[in-house]
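Novice: sequence and predicted structure, then a few things I'm wondering about:
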Amino acid sequence: MYNNNNNIAVYEVMGESMSVSRKRFIAGAVCPKCQSQDTLAMWQENKVDVVECVSCGHIQRQTDESVTPHVRDQEQVIGIFTPK
């Protein structure tokens with residue numbers, strides 16, 4: 001399904017919905033891995049910014065500040081394994 005108002009596509013994968021925004025190229029940006037200029041595309045998947053180099057395939061992800069605390073609250077440490 002595609003929502004033209006916000007340029008966001010909404011997909012259902014294994015019972016869960018996933019929103020993906022349209023890819024945009026970042027003018028003048030240089031890939032940190034291959035140093036190619038004007039090859040970085042940016043989009044959002046479920047409030048996570050994704051930047052990918054179309055030349056070498058290097059991917060960087062950065063979560064929104066509102067998402068990070070929510071994920072951390074649900075984490076629980078069961079135990080720490082120390083091999084001998």
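Specialist: Yep, it's here. Everything quoted here is computed from the prediction, not taken from an experiment. Numbering: from 1, shown residues only.
Novice: would you state the helices of this structure in chain order?
Specialist: 67-74 (DSSP state H).
Novice: low-scoring stretches of it, by residue?
Specialist: Applying pLDDT under 70 to the chain flags residues 1-18, 63-75.
Novice: the same query, at a cut-off of 80, please.
Specialist: 1-21, 47, 63-82, 84 (pLDDT under 80).
Novice: could you pull out the strands in this protein for me?
Specialist: Along the chain, counting by DSSP state E, strands occupy 2-3, 8-13, 16-21, 24-25, 40-45, 48-53, 59-63.
Novice: other SSEs contacting the fourth one?
Specialist: In this structure, strand 24-25 makes packing contacts with strand 40-45, judged by 3 or more Cβ pairs under 8 Å, 6 or more residues apart in numbering; DSSP states H and E. The way it works is simple: take the backbone N, C-alpha and C, and place the C-beta from them, glycine included.
Novice: helices or strands up against the strand it packs on?
Specialist: By 3+ Cβ pairs under 8 Å, 6+ apart, strand 40-45 packs against strand 16-21, strand 24-25, strand 48-53.
Novice: give the pairing partners of the second one; include direction for each.
Specialist: In this case it means strand 24-25. strand 40-45 (antiparallel) (DSSP bridges).
Novice: which residues does the strand it pairs with contact?
Specialist: Here strand 40-45 makes contact (Cβ atoms under 8 Å, 6 or more residues apart in numbering) with 18-26, 29-31, 49-54.
Novice: in stretch 47-60, which residues are buried?
Specialist: For stretch 47-60, the neighbour count (16 or more other Cβ atoms under 10 Å) marks Val50, Val51, Glu52, Cys53, His58 as buried.
Novice: can I get these in CSV including distance to Phe81?
Specialist: Output for the buried residues of stretch 47-60, formatted as CSV (distance: Cβ to Cβ, whole Å):
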residue, distance to Phe81
Val50, 32
Val51, 34
Glu52, 35
Cys53, 36
His58, 32
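Novice: thanks a lot, catch you later.
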